[in-house]
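>>> predicted model and sequence follow; I will ask about them next.
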Amino acid sequence: MRKVRIADSILKFLIIGSSLISIGALLWIVGYIVINGLPHITWEFISTEYKGDQTGILPMIISTAYIIGLSLLISVPIGICSAIYLVEYSKPGNLIRCIRFATESLAGIPSIIYGLFGYIFFVTALKLRMSILSGSITLSIMILPLIIRTTEEALKAVPNSYREGSFALGASKLTTITRIILPSAIQGILTAVILSVGRIVGETAALYLTAGMVTRIPDDIMSSGRSLSVHLYMLAKEGISFEQAFATATVLLIIVAVINFIANMLASRIKKATTAR
């Protein structure tokens, strides 16, 4: 018994230590970036364009917003519907094995390969040029596996008693999915969306080859635009200004934090609304 207790204590210590190391690494990275970047963030920096003697990031913020919105608009419906099919409708067979193999393969492809594919297919073959649309479609393919797998796990976590109770009351399959299962899994689905936004915001290689490097406000989705992550890469690579690089990185962190807060708030409200109903 004593050996078992010692082993349990050692394992508990290792788990707690690993957790503290992870939290410490996160706080150290975020703190280092914010401390170096926050003093250089001004209203002029956020609200002006990057040209001449002006060093603002407004065009990059708008381009990033375009890319996030369009990528989610393409990938979220496809990802959620695919996960619903895999969990609620599919039966074991070759088709399901092919779908799972495809999603796992997509998840393991390096982002630069996606960028090359997007450049060859969307930019060149389909003649979409280097544009917000080309970059968004490329990123939507990148984040599909993440949305499918996370949503799939969220749907599996819904107790089968919910489904059985709904069917017992005479509800159809579609009604059960839309009224019972999806609201119960909404937090997991929003988690998939949040993780996807983090992937989109932090992506550089794929956008470098598809969305372009133009530092002006895009007129529409067919215009080229530089995202915040690409702008950060260029500032650091060319050694233009490390102060601007840290400030841009801080703005990126703030954007991700705000999106996470809004998504969690929406998840809580949706859960309360469905519970009250």
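Here it is on my side, so go on.
>>> tell me the secondary structure at residue 220.
coil (DSSP: H, G, I helix; E, B strand; the rest coil).
>>> for the closest residue to it other than its chain neighbours, give its distance to residue 65.
Once flanking residues are discounted, residue 220 sits nearest to residue 132: 7.8 Å by CB to CB, 6 or more residues apart in numbering. All C-beta spots, glycine's among them, are computed from the backbone N, C-alpha and C. For residue 132, the distance to residue 65 (CB to CB, to the nearest Å) stands at 10 Å.
>>> so between those two, which is more surrounded?
residue 132 (29 against 13; other CB atoms under 10 Å).
>>> wait, isn't that one in contact with residue 227?
No: the criterion here is CB atoms under 8 Å, and residue 132 misses it with residue 227 at 9.3 Å.
>>> joint contacts of those two?
63, 67, 211 (CB atoms under 8 Å, 6 or more residues apart in numbering).
>>> for the second one, which residues are in contact?
Contacts of residue 67 were listed using CB under 8 Å, 6+ apart, and they are 132, 135-136, 139, 200, 207, 211, 225, 227.
>>> who wins for most neighbours among those residues?
residue 135 (34 neighbours).
>>> that one - nearest residue in space that isn't next to it in sequence?
Closest to residue 135 by CB to CB, 6+ apart is residue 211, at 3.0 Å.
>>> now swap in residue 259 and tell me
Closest to residue 259 by CB to CB, 6+ apart is residue 197, at 5.2 Å.
>>> now do the strands in the protein.
Remark: strands assigned in the chain by DSSP state E are 50-51, 54-55.
>>> what are the contacting residues of the first one?
Defining contact as CB under 8 Å, 6+ apart, one finds that strand 50-51 is touched by 56-57, 59-60, 215-216, 231.
>>> with stretch 234-251 instead?
So stretch 234-251 is contacted by 33-34, 36-38, 40-41, 45-46, 55, 57, 60-61, 213, 226, 228, 231-232 (CB under 8 Å, 6+ apart).
>>> buried ones among those residues?
With burial judged by 16 or more other CB atoms under 10 Å, the buried subset of the contacts of stretch 234-251 is 33-34, 36-37, 40-41, 45, 55, 57, 60-61, 226, 228, 231-232.
>>> which of those fall in helices?
Using DSSP state H, the subset of the buried ones among the contacts of stretch 234-251 located in helices is 33-34, 36-37, 45, 60-61, 228, 231-232.
>>> among the residues you listed, which two are most distant?
36 and 61 (19.7 Å; CB to CB).
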